Structure formats: C-alpha cells, structure tokens
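Student: Sequence plus predicted model, see below.
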Amino acid sequence: MAGGPQEAARVAHEGILRRQSARESSARTYARALPIVPVRARGLTIEGADGRRYLDCLSGAGTLALGHNHPVVLEAVRGVLDSGAPLSVLDLATPVKDAFVTELFGTLPPGLADRARVQFCGPAGTDAVEAALKLVRAATGRTGILAFTGAYHGMTAGALAASGDAHDVQVTRLPYPQDYRCPFGIGGPHGAELGARWAQSLLDDPKSGVPRPAGMILEPVQGEGGVIPAPDDWLRRMRRLTADRSIPLIADEIQTGVGRTGAFWAVDHSGITPDVMVLSKAIGGSLPLAVIVYRDDLDVWRPGAHAGTFRGNQLAMAAGTATLAYVRENGLAPRAAELGSRMLTRLRQDLGALACVGDVRGRGLMIGIELVRPEGDDGTLFDGTSGEQPVSLGGTDPTRTPRPAAPELAAAVQRECLRRGLIVELGGRHSAVVRLLPPLTLSDEQATAVLDRLTDAVAAVAHDHPDHHPHPHAPARPAG
C-alpha cells in the first residue's frame, strides 16, 4: 500500500532509538542531540534508517578527513583483508606498519622527522595524551604540567587533569589567547602578548609556586574549547619560552592534524617544531589509531612503560596510510585553507548583523559560530548572574564586546540544522558554539549547500527569538 515502505522504515528507526535509550549508558552524548540511525554513508552524506539524508559536518568529530567510505580507504582496508595478513599484531613489525610510519614521517614538521621516534598507543587519542605526559615526566624527572584554559585533551584521568573542565586541579593553568573573550579584555596581539608575559613570569618567578614543569601541552586550535585558533606569533613565543627553559612542548594535533586547519599540521602555520606531537582521529582513516611522535633524545621508555593490546591495528594503519597520502598528493590542506576562508567570509557577511551571533571564527575547515544573548535596551551587557547587574568587559571595538553565551540558542540552531538535513556539533565553554568539521573533500557546491542550510537555521532561531534580531542602533559587524 502507499507509504508502506516509508512507514516501515520510520518504525524501524524509532525502535532502534528506543532500544538504545533503554539499554545504553547515560554517558552517551551525540545520540542525545542527533536522533539519527545511520545505515549508509558516502563522502559528506549519511542516510538514516528512516530514509532521510543528511550532510555530515561532524565527520566523526574530525576523524573522517576524506568523508565516509572514501574509495582509497576502502581499497586499503580490502587489500589487507584479502592479503591474509594478521589484523592485530601488538607491537610487532609488519609491512603495513612500516608503510604507515614512512608516510607519517614524511609529513612531519622540519626538524622533527629526521630525529623522530613513534610510540603506538591504545586506539583513542586520550591514551596518546597519557603517553605524552608520562614520556616528558620520565625524560625530565619532573612532574608538573603546564596547560591552558579551555583545553580539551581527552577523557582519561591524566588527560582530564590537563583539560579545561578539570575538577581536581593537577596542572598549572595558563590563559589561552582569544579575541572575542580575551581574559584581559583586550584581544588581538596585545592580549596574546599579556598571556605570554604571564606564562614567562610564572616560570621565572622563584616565588610563583610553580616549579619547573615536565612539559607544556597545547592545542594549536582549541576545538572543543570553542574553535579558537592560537595566533602564530603566540605559538612561536611559547616555543621559545619552553625551549629556553628545557621544557618539552607537546602539541595536541588530535583534531587539528591531517590538513584540517589548512596546513598538514596546525603547527606548520607558525613554523614551530614541537618536541612531542599527539596524533589520532584522522590518522587512522576513520579507524581507531593513536600515536605520539617525539624527539629521539626523549626516548627514555623502558620496555612496556606504555603499552596497549590494540596498538597493532593493521586495518587502521592501512587506512591511515591511504588517507595521509591522499591528503598530501591532492593538496587538500591548502584547499581547506582557501575554502575555509571563503566559508568564514560568507558566514560573517550573512550572520554578522544578527544580535544572537557573537563571533564567527576558525581556521581552514574548522569553523565555529558563537551564539550569545542580546544587548540590553540601554546598550549595557549582562553577566547572567542573579539581579542581571551590568558588567564592563573591556575591549577596544564596541562591535566585538563579548556578550553572555547562549547555549539554548546554539542547541536550537543544532535542532534547526538537523530539520534541514545538516549535522553540526556544539562546543565552547558553555556549549554555545556551533561547530563545522566537514570532510576535506568538500566541494564548492557542497559548501554552498552547507552554508545555505546553516544560515537559514540561524535566521530561523533569530526569528523565533525576537530579542535576538539585529539591534537597531548597533553597527554591522565587519565582514573581514
């Protein structure tokens, strides 16, 4: 009968979601905001069990550099399966591993590749973070770690301790530079400079209460922290500060690596060479893989000092080799830089006048839109505390003065995007940043479709919340 197959698909879809809710842990996250049951996927597109199709700009939280089921990845996986090679080999040498390491080392920043060592860790990026922290502590004989506000390094104990939402503080926090919510109320190069001076003072002041640490860990672009790119000059300053004091610098490139930000590794923008790089997500070509790469003089591991049963995943290494090579050979990193820049320009032009949009920022195909509460009628700002007392947040550009985050609006935008067949993620300090992480294979036509749906969703949310329309007296935000 008419509608029979569609109705059956809908019932199957709802049944799977209902059973998931009844049987899976309350710790599940994405499934709560994205009630989708994927059954097929290719490139940017996911098809759900209910027959709906979606443009996927979550990409496995950045894991799918080439999108879903890219032919070169499938061919690499089939090649291993058809060869009869073992699928899991602990840390034994294999031709598949050798090819992966060779390709990986060929992409590393100058100054690291020719003296690098690689440690295969457990399958998740957080385990590689644990390995990096253990490594620098073993190499230096020191224990302290420097990390940054807003950071996210994973969900295991050591990684959480270095992340921005740690409850039991075990590391020293430094301010991460940002323009829109600069901790010094300044933003720009001056704000970044003040943060760098604070870090230097903390390390050089014998009474700071912070002994010389074992290492510093940072993200070149904070992803979960709200898509906040670190200024290149500030990264170079951190590199000099740590090198001059013999403090190993750990770059967490789990989400920023493999072309995502418009360079093969995000540290390449600044030209720095970290002492340790933490890599996961895209390096496995959509399959679980995590490694750390580090300077050979730090290689003080004792046998078994950091191990994991699944560190010999041959399918992931083969998929990773294919992905790394494809990104390199097809110039997908510079393509991400150019396309991402155009997408940011359009988003700023289309959304900049909306009072609910506080900032549009990003680097390459790592893009964020921060949703905020509007200004008061008299132009004052509110801090969200009881009594709604106005606060002065500083800043030199009144059109860039930060307003309180609006996580409820960001969640509304995410829902409106899903209604329009677009999957986006939320992040930021208050989950008020709508995030785009599309595959690097995104075409111009697909980018237009993504932006059309996203801007329409934001406009719909602004329309449904009249207080978030353009302020009648507010100047339009510059497009650049």
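Tutor: That came through fine. Note that the coordinates shown come from a computational prediction; the quantities given were computed from them, not determined experimentally.

Student: what's the neighbour count on residue 176?
Tutor: For residue 176, the number of neighbouring residues by other C-beta atoms under 10 Å comes to 23. C-betas here are computed from N, CA, C, even on glycine.

Student: my bad, should have said residue 293
Tutor: The burial count assigned to residue 293 is 25, neighbours taken as other C-beta under 10 Å.

Student: measure it to residue 133 for me?
Tutor: Relative to residue 133, residue 293 is positioned 15 Å away (criterion: C-beta to C-beta, to the nearest Å).

Student: With residue 283 instead?
Tutor: Separation of residue 283 from residue 133 (C-beta to C-beta): 19 Å.

Student: swap in residue 217?
Tutor: Taking C-beta to C-beta as the criterion, residue 217 is separated from residue 133 by 7 Å.

Student: After the lowest-mean-pLDDT helix or strand in the chain, which helix or strand is next? Please name it.
Tutor: Using mean pLDDT, DSSP states H and E, the weakest-scoring helix or strand in the chain turns out to be helix 157-161, at a mean of 65. Towards the C-terminus, the helix or strand next in line after helix 157-161, according to DSSP states H and E, is strand 172-174.

Student: mind checking the backbone torsions on the residue lying closest to residue 111 once chain neighbours are set aside?
Tutor: If you skip the residues right next to it in sequence, residue 111 has residue 273 as its closest partner in space, 4.0 Å away by C-beta to C-beta, 6 or more residues apart in numbering. Residue 273 has phi and psi values of phi -120, psi 110 when expressed as degrees, to the nearest 10.

Student: tell me the SS of the closest residue to residue 216 other than its chain neighbours?
Tutor: Closest residue to residue 216 in three dimensions, ignoring its sequence neighbours and counting by C-beta to C-beta, 6+ apart: residue 146, at 4.0 Å. Using DSSP: H, G, I helix; E, B strand; the rest coil, the secondary structure recorded for residue 146 is strand.

Student: now the helices for the stretch 1-150 of the chain?
Tutor: For the stretch 1-150 of the chain, the helices identified by DSSP state H, counting those that start in this stretch occupy 4-23, 30-33, 59-62, 71-83, 95-105, 125-140, in order along the chain.

Student: Which residues belonging to the second one are considered buried?
Tutor: Judged by neighbour count using 16 or more other C-beta atoms under 10 Å, the buried positions of helix 30-33 are residue 33.

Student: please begin residue numbering at 760 from this point
Tutor: Sure, I'll start counting at 760 from here, so that last one is helix 789-792.

Student: mean confidence score for it?
Tutor: In this model, helix 789-792 has a mean pLDDT of 85.

Student: Summarise which helices and strands it is packed against.
Tutor: Secondary structure elements in contact with helix 789-792, counted by 3 or more C-beta pairs under 8 Å, 6 or more residues apart in numbering; DSSP states H and E, are helix 1166-1178.

Student: where's stretch 947-954 relative to the chain centroid, distance-wise?
Tutor: Counting by C-alpha atoms, centre = their mean, to the nearest Å, stretch 947-954 is centred 23 Å from the centre of its parent chain.

Student: buried residues in that stretch?
Tutor: 950-954.

Student: now do stretch 1193-1207
Tutor: Going by neighbour count (16+ other C-beta under 10 Å), the buried part of stretch 1193-1207 is 1193-1201, 1205-1206.

Student: do the same with stretch 1165-1177
Tutor: Within stretch 1165-1177, the residues that qualify as buried are 1165, 1168-1173, 1175-1177, counting by 16+ other C-beta under 10 Å.

Student: Other residues contacting that stretch?
Tutor: Under the contact criterion C-beta atoms under 8 Å, 6 or more residues apart in numbering, stretch 1165-1177 has outside partners 792-793, 795, 813, 1115, 1128, 1130-1132, 1182-1185, 1187, 1189-1193, 1212-1213, 1215-1217, 1219-1220, 1223-1224, 1227.

Student: Over to stretch 1061-1072?
Tutor: Outside stretch 1061-1072, the residues that reach it (C-beta under 8 Å, 6+ apart) are 846-851, 853, 856, 878-882, 886, 889-890, 893-894, 897, 1043, 1046-1048.

Student: try 10 Å
Tutor: Under the contact criterion C-beta atoms under 10 Å, 6 or more residues apart in numbering, stretch 1061-1072 has outside partners 845-853, 855-856, 878-883, 886-887, 889-891, 893-894, 897, 1043, 1046-1051, 1060, 1075, 1078-1079.

Student: Can you say which of these are buried?
Tutor: 848, 855-856, 878-883, 886-887, 889-891, 893-894, 897, 1043, 1046-1051, 1060, 1075, 1078-1079.

Student: Give me the mean pLDDT for stretch 766-776.
Tutor: Stretch 766-776 shows a mean pLDDT of 86 in the predicted model.

Student: Okay, now the unreliable bits of this protein?
Tutor: Counting by pLDDT under 70, the low-confidence segments of the chain come to 760-762, 914, 916-920, 922-929, 1134-1159, 1225-1239.

Student: tell me which element residue 1005 is part of?
Tutor: Remark: residue 1005 resides in no helix or strand, with elements defined by DSSP H and E.

Student: Identify the residues contacting the most centrally placed residue in the chain.
Tutor: For the chain, residue 982 is the residue whose C-alpha lies nearest the centre (C-alpha atoms, centre = their mean; 3.2 Å). Under the criterion of C-beta under 10 Å, 6+ apart, the contact partners of residue 982 comprise 820-821, 910-911, 1011, 1013-1015, 1019-1020, 1125, 1127, 1184, 1186-1187, 1192, 1194, 1196.

Student: Name all residues that make contact with residue 1180.
Tutor: Applying C-beta under 10 Å, 6+ apart to residue 1180 gives the contacts 804-805, 807, 811-815, 1208, 1212.

Student: Buried subset of those as a ChimeraX selection?
Tutor: One line in ChimeraX is enough to select the buried ones among these; burial here means 16+ other C-beta under 10 Å:
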select :805,807,813,814,815,1208,1212
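
Student: Could you work out the most separated pair of the contacts of residue 1180?
Tutor: 807 and 1208 (17.7 Å; C-beta to C-beta).

Student: For stretch 1014-1034, measure first residue to last.
Tutor: Start-to-end span of stretch 1014-1034 (C-alpha to C-alpha, to the nearest Å) is 18 Å.
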